[in-house]
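In: A structural model of the following input is requested.
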Amino acid sequence: MQNTIMAKHMKLYDEAFLTGCDETQAWMMHWFIKNFKKHSKKPLIFANFGVSDLTLNVIRANCHAVMDMTKTPEKGWFNKPVSMLECPTKKTVWIDTDCEVLGNIDKMFNYIEPNKLTMAIDRPWLKRRKEEWFNSGVVGFYQKPDILKQWTEQVGASPDVGDQEVLHKMLNPITRMTYIKELPNEYNWLRLQVEHDDEPATNAKIMHWTGEKG
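Out: This is a model prediction of the structure:
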C-alpha cells in the first residue's frame, strides 16, 4: 500500500473511496476496513483528523494513502468537506466510519455526475421535518465541484451542529435540484429507518449506524 501523507504530493487516483476520523471514532476503523475490503477492490484513502500513532499504523497497513488533516482549523466532522476538497482523486466517494459495508459498492461511481454532490435522501429527517434533506454520511463527486468548495467555505465560516446541517442551510429547493444528484437509498440505509420507521434494510449495500436524531 502507498502511504504518502501530504495530499499535494500524493498519487492521483481515478476512483477511490475516502473516509476519516479522529481518535474518538478510531475504535470503528478495524470494523470499517474489514467490511470494506469484503466488498470493494477500489483504493481506500484515509483522512487523519487526529488519531493515535497506534491507530495510524493499522490504517497505513490497510489504506492506499493517508491525508494529514490535523493542521486544518476545522475539527471533527467539520473536516469532512475539507478532506473531500483536498482528496487527490477524479471520482471520489466519502463514507462515514459508522457505515457498515454489506455488499458491492463499486457501482456507486456510476451515479456520480459533474458539478454535483451525489447523496441519498435522509428519509428519517424527511419524515420528521417534512422537508427534503440529504445525508452526508455517503457523498460522491467528480473532481472538485463548486458546491463542494462552497460547502467547505461555509463550514469554516459558520459551523452549526454538523456538516450535513451546514449544507442543508445553504440550499433551497431549486439549488438542491441543481447541485445534488440522488443516490439510491440502498447505498446509505439509516439506522432509524430500521429501528424506528419499520423499513428493513433488505437490499442495503451500506448500513449507516447513525446516532440519535430529533
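In: Do me a favour and average the pLDDT over the lengthiest strand in the chain.
Out: Longest strand in the chain, counting residues (DSSP state E): strand 13-22. Mean pLDDT, computed over strand 13-22, is 97.
In: And the helix or strand just after it, what does it pack against?
Out: For strand 13-22, the following helix or strand on the C-terminal side (DSSP states H and E) is helix 29-39. Judged by 3 or more CB pairs under 8 Å, 6 or more residues apart in numbering; DSSP states H and E, helix 29-39 is in contact with strand 13-22, helix 53-62, strand 99-101. The way it works is simple: take the backbone N, C-alpha and C, and place the C-beta from them, glycine included.
In: Output the helix or strand of the chain with the lowest mean pLDDT as PDB, nothing but the C-alphas.
Out: Among the helical and strand segments of the chain, the one scoring lowest on mean pLDDT, DSSP states H and E is helix 123-129, with a mean of 73. Only the C-alpha atoms of helix 123-129 are listed here, as PDB (Å, rounded to 0.1, in the frame of the first residue of the first chain):
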ATOM      1  CA  ARG A 123     -35.500   9.600   4.900                       C
ATOM      2  CA  PRO A 124     -35.900   9.900   8.700                       C
ATOM      3  CA  TRP A 125     -35.300  13.600   8.500                       C
ATOM      4  CA  LEU A 126     -37.800  13.900   5.600                       C
ATOM      5  CA  LYS A 127     -40.400  12.000   7.700                       C
ATOM      6  CA  ARG A 128     -39.800  14.000  10.900                       C
ATOM      7  CA  ARG A 129     -39.200  17.500   9.500                       C
END
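In: List the contacts of that helix.
Out: For helix 123-129, contacts defined as CB atoms under 8 Å, 6 or more residues apart in numbering pick out 131-133, 135, 185, 190, 192-193, 196-197, 199, 213-214.
In: can you rerun that using 6 Å?
Out: 132-133, 190, 192-193, 214 (CB atoms under 6 Å, 6 or more residues apart in numbering).
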